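Chemist: I would like the atomic coordinates for the input below:
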Amino acid sequence: MGMLFHNRAQLIVGIGVVRSRADWNPERQLLDKMGNKTRSTCVTWLKQTASSCYVSSIIVEALDGSSMTIGIPLIVMCTLGTSLAGQTAEPDQTPPAGAPTSAPPQAPPPTTQPIPVDRPVSWKLLPPNLISDQKRIWSFPARLVQGQSWVPTAAVLGTTAGLFALDPTEAAFFRRTQSFQGFNKVFTGNATAVGTIVAPASLYFVGLVRKDSKMERTALLAGEAVADAEIVTTVLKDATRRVRPAGFPAKRNLYDSWFDSRGSLLRGNGSFPSGHTIAAFSVATVIARRYGNHRWVPYTAYGMAALVGFSRLSLSAHFASEVFMGGALGYSISRFTVLQQ
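Modeler: Reported below is the predicted structural model:
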């Protein structure tokens, strides 16, 4: 009979539930005195209690039999079994059917990348932009002291210093060679200067015709970059007053080239850095950075700027160090000051 029950308390109930009529005469007499209605109510309650105690169907059926009698101890023991079962039974931790066994892992929030915003530029904003640019350019040494941009600055200055040592050698070579006469006839000083101005001007005109606001802003930014670069060039040329390679006598020492030039202060009284090269790389950087999604644009822009720089060497208008510094300044001014990238 113990196999019909789930725990010890219910087994005790099962053993003491059913007894013969002869063994339980006092309780039989008590039930007889209750009357049929009271007895029926008691039997119904006992059925419910037996069901809650997980009593087997055999004992429940015995409750209705006339040959079997339920004793008073059943009431106490069944109630006790119910209480013990409620205390000892572990809570059902089985998830309901169809419920997920565990919460699905939440996907990490998508990372958002900042969208680049064009710097506001217009004809009206050019003057205040130039003032802001010049403040940023000339305050660069202060930021350098604070530890910013040491690596690229050291690389540019180191390369320029190395080229200083080679300037007399390469300048002497270009002064005596005749290999670039055809090239020099095309890339004259005036031609490269006009080309540097025509490039952003034509870009602006095409933008107006096509109503392309990006093209118009690109042209204005390129013009702003050239203006910034030429201001820096004029100040540096007047400060260094370096003589151009073509200005040296035939047998003069090319190393002795600093603080000896004569010229107009407004145009830059010297040759360091190359004005043509700094302007060409200023325009090229703006165009290349804003239209870098077209692969051919950066190659074309920087390629043309490099040709302008090389023409200043082949024409003996500048030393190699001046051309290199002009390209580095033009690139830096356009990217980090004008475009603020």
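Chemist: which residues touch residue 242?
Modeler: Contacts for residue 242 were tallied using Cβ atoms under 8 Å, 6 or more residues apart in numbering; they are 257-261, 270-272, 319, 322. (Glycine included, C-beta is placed from N, CA and C.)
Chemist: Of these, keep whichever come out buried.
Modeler: 257, 261, 270-272, 319, 322 (16 or more other Cβ atoms under 10 Å).
Chemist: For the helix or strand encompassing residue 191, list every residue counted as buried.
Modeler: According to DSSP states H and E, residue 191 maps onto helix 189-210. Going by neighbour count (16+ other Cβ under 10 Å), the buried part of helix 189-210 is 192, 195-196, 199-200, 203-204, 207.
Chemist: what's the closest non-adjacent residue to residue 219?
Modeler: Computed as Cβ to Cβ, 6 or more residues apart in numbering, the closest residue to residue 219 that is not its neighbour in sequence is residue 204, at 3.4 Å.
Chemist: Please report the separation between the first and final residues of stretch 331-341.
Modeler: One end of stretch 331-341 sits 12 Å from the other (Cα to Cα, to the nearest Å).
Chemist: For that stretch, buried residues please.
Modeler: For stretch 331-341, using 16+ other Cβ under 10 Å, the buried residues are 331-339.
Chemist: and if you look at stretch 214-231?
Modeler: Buried residues in stretch 214-231, counting neighbours by 16+ other Cβ under 10 Å, are found at 215-231.
Chemist: mean confidence for it?
Modeler: If you average the pLDDT over stretch 214-231, you get 96.
Chemist: Not counting it itself, show me its contacts.
Modeler: Residues outside stretch 214-231 that contact it (Cβ under 8 Å, 6+ apart) are 118-119, 121-123, 126, 129-130, 133-134, 137, 196-197, 199-201, 203-204, 206-208, 275, 278-279, 282-283, 285-287, 290-291, 329-330, 333-334, 337-339.
Chemist: again, but for stretch 147-162
Modeler: For stretch 147-162, the surrounding residues in contact (Cβ under 8 Å, 6+ apart) are 140, 143-144, 321, 324-325, 328.
Chemist: Using just helix, strand and coil, how would you label residue 179?
Modeler: At residue 179, secondary structure determined by DSSP: H, G, I helix; E, B strand; the rest coil is coil.
Chemist: how much space between it and residue 314?
Modeler: 8 Å (Cβ to Cβ, to the nearest Å).
Chemist: Which one's more surrounded, these two?
Modeler: More neighbours surround residue 314 than the other of residue 179 and residue 314, with 15 against 10 (other Cβ atoms under 10 Å).
Chemist: For that one, list the residues it contacts.
Modeler: Contacts of residue 314 by Cβ under 8 Å, 6+ apart are 174, 180, 183-184, 187.
Chemist: pLDDT score assigned to it?
Modeler: Model confidence at residue 314, given as pLDDT, is 96.
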